[in-house]
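Student: Sequence first, then the predicted structure:
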Amino acid sequence: MKVLVTGIGGFAGSHLADYIHANTQSQLFGLVRDLEKVDNIRQHNGKIQLFHCDIGEFQPVFKVIKEIKPDIIFHVAGQAFVPSSFEFAAETFKTNVIGTINIFEAVKACEISPRIVVVTSGEIYGETFGVPSLHSEQSIPQPVNPYAASKTSVDYIAQTYKKYEGLNIVIARPFNHTGPRQKPNFVCSSLAKQIAVINKTKNQNVLRVGNINARRDFTDVRDIVRGYWMLSQIDNKTNFIFNLCSGTIFSIEEIIKLYSEITGEHFELQVEPKRLRGYDIQLLAGNASAIIHSVGWKPAISMRQTLTDLLEFWMNKEN
């Protein structure tokens, strides 16, 4: 079986590569924007056929898909950092929206019918107005930032190509996920990196933070990518849109307390204005009952273990 992963060198893409190699006999191919930035998949050196490709351009995408003719495509690539979507809105839409359309059109042009797992985001739903009113797949998207708007567009475009163009698409809507290899501009990884620096340099136990009251539904990235693979294997004649989330909600303050328990250290907090967003969703949480009932997926890794592994990643990183 030939499997193509877009954005394979990124956070989720690299963990998906780990899962596929460990649990399947698939022949793995990957798209990366920069062949020099593949540290996340160096453990698979020689086992993945990589292609340099900007998904925002049709011809390179078409050329790769025509050469591979994959059986499964995991479309994981994209611009995923909310603050950057305000600063680079046009680039965010080109990468996320046009990139997705290019993949669909390339599949059509090649006259193949791979299963395509399209990753959008739980961010499309906007604010969650309290438990137990968690977002289900029937919740109406209410994006509040350019990133979420781009992913809402991707979601609707994928639905259109499935219903009216006949593409074999499943849509995954993951909520917040974290774990080893996550970039330090995301909150859990930012905290872990700061703690690692404190430990290495013996500096004061001061963490620079933004809004510590915001609450999110966090899942380990390794559980999330396991869900992606399971969605690639299902019969999706009826349901084809699935939330991936834990149903376990943490405030950023509670994440910091977990880090204190893990390290045995107390941390002072320093709020930095640049880390505060003009509008920040106060609660974002989802209901994963659809994927649980369809394929039996549910998270297996605790938040404490996730944070422990994330901290270990930064402690072992040379720079």
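Tutor: Sure thing, it's come through. In this text, all values refer to a predicted model and were calculated from it rather than measured experimentally.

Student: contacts, neighbours, all on C-alpha from now
Tutor: Fine.

Student: Against Gly286, how distant is the closest residue in space to Asn176 that isn't next to it in sequence?
Tutor: Excluding the flanking residues, the one nearest Asn176 by Cα to Cα, 6 or more residues apart in numbering is Phe218, at 5.0 Å. Going from Phe218 to Gly286 by Cα to Cα, to the nearest Å gives 10 Å.

Student: Quick check: what element follows the worst-scoring helix or strand of the chain on mean pLDDT along the chain?
Tutor: Ranked by mean pLDDT, DSSP states H and E, the weakest helix or strand in the chain is helix 82-87, scoring a mean of 66. Next along the chain after helix 82-87, taking DSSP states H and E as the criterion, comes helix 89-93.

Student: Can you identify the element that follows that next one toward the C-terminus?
Tutor: Next helix or strand after helix 89-93 toward the C-terminus (DSSP H and E): helix 99-110.

Student: ok, whichever helix or strand comes after that next one: who's next to it in the sheet?
Tutor: Later in the chain than helix 99-110, the nearest helix or strand by DSSP H and E is strand 115-119. If you go by DSSP bridges, strand 115-119 pairs up with strand 72-75 (parallel), strand 169-174 (parallel).

Student: With respect to burial, which of the ones you listed scores highest?
Tutor: Of the strands paired with strand 115-119, the one with the most neighbours on average (mean count of other Cα atoms under 10 Å) is strand 169-174, at a mean of 26.

Student: contact partners of that strand?
Tutor: 115-122, 155, 158-159, 162, 224, 228, 231-232, 236, 240-245 (Cα atoms under 8 Å, 6 or more residues apart in numbering).

Student: List buried residues within these.
Tutor: Neighbour-count burial (16 or more other Cα atoms under 10 Å) is assigned, among these, to 115-122, 155, 158-159, 162, 224, 228, 231-232, 240-245.

Student: rewinding a little: so how far is Asp39 from the residue nearest to Asn176?
Tutor: For Phe218 relative to Asp39 (Cα to Cα), the value is 25 Å.

Student: So which of those two has more stuff around it?
Tutor: Phe218 (26 against 14; other Cα atoms under 10 Å).

Student: so who does that one touch?
Tutor: Neighbour list for Phe218: 175-178, 245-250, 303 [criterion: Cα under 8 Å, 6+ apart].

Student: next one: Ala77
Tutor: Shown in contact with Ala77 (Cα under 8 Å, 6+ apart): 6-8, 10, 13, 96.

Student: Can you tell me the SS state at it?
Tutor: Three-state assignment for Ala77 (DSSP: H, G, I helix; E, B strand; the rest coil): coil.

Student: Need the pLDDT of it.
Tutor: Ala77 is assigned 93 on the pLDDT scale.

Student: any idea how far Tyr125 is from it?
Tutor: Ala77 sits 20 Å away from Tyr125, going by Cα to Cα.

Student: same thing with Val206?
Tutor: 34 Å.

Student: Correct me if wrong: Pro184 contacts Ile195.
Tutor: No. Judged on Cα atoms under 8 Å, Pro184 makes no contact with Ile195 at a distance of 11.7 Å.

Student: These two - which one has more neighbours?
Tutor: Ile195 (25 against 14).

Student: And the pLDDT at the more buried one?
Tutor: 96.

Student: And Arg42, by the same measure?
Tutor: Arg42 is assigned a predicted lDDT (pLDDT) of 91.

Student: can I assume it sits in a helix?
Tutor: Yes. Under three-state DSSP, Arg42 sits within a helix.

Student: so what's it up against?
Tutor: By Cα under 8 Å, 6+ apart, no residues touch Arg42.

Student: any idea how far it lies from Gly78?
Tutor: From Arg42 across to Gly78, the span is 21 Å (Cα to Cα).
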